[in-house]
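>>> what follows is a predicted structure for the sequence shown.
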Amino acid sequence: MLRIASLLLLPSLALSGSITPEMDRALNEGLDAIYTMDFDAADSASRKVMELSPEHPYGHFGYAAAALTRYIYETD
């Protein structure tokens, strides 16, 4: 589901500059953490991307994806 949602992000990526390998690696780690329901790790990875490039939507997308998935699946 998140892989499909990432396709919606593509137009905004073209307008916001380059994605560095470090950003790409951190967001992929965050997405992997979402799939294993490790939401704290997903948040941390997204914050790392936002620190690397605050104006780029990549980190914000990852953070929103983690928040939505946490909201849907957490049972606390």
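Noted; the coordinates are in hand. Only a predicted model underlies this, so the values are computations on that prediction, with no experimental measurement involved. Residues are numbered from 1 along each chain as shown.

>>> from I19, how far out is E74?
29 Å (Cβ to Cβ, to the nearest Å). Using the backbone N, CA and C atoms, a C-beta is placed for each residue, glycine as well.

>>> and those two? Which one has more around it.
I19 (15 against 9; other Cβ atoms under 10 Å).

>>> what does the pLDDT read for that one?
In this model, I19 is scored at 89, pLDDT.

>>> what strand or helix carries the closest residue to it other than its chain neighbours?
Setting aside the residues directly before and after it, I19 is nearest to Y58 in space (Cβ to Cβ, 6 or more residues apart in numbering), at 6.3 Å. Using DSSP states H and E, Y58 sits in helix 57-73.

>>> what about that helix, distance to the chain center?
6 Å (Cα atoms, centre = their mean, to the nearest Å).

>>> which elements pack onto it?
helix 2-15, helix 21-35, helix 39-52 (3 or more Cβ pairs under 8 Å, 6 or more residues apart in numbering; DSSP states H and E).

>>> in it, which residues are buried?
By 16 or more other Cβ atoms under 10 Å, the buried positions in helix 57-73 come out as 57-63, 65-66, 69-70.

>>> what does stretch 42-51 give?
So for stretch 42-51, counting by 16+ other Cβ under 10 Å, buried means 42-43, 45-46, 48-50.

>>> coming back round to it: and the helix holding Y58, average pLDDT?
Helix 57-73 comes out at a mean pLDDT of 93.

>>> that one vs helix 21-35, what angle?
10 degrees (axes from the mean of the first three to the mean of the last three Cα atoms, to 10 degrees).

>>> thanks again, I'm all set now.
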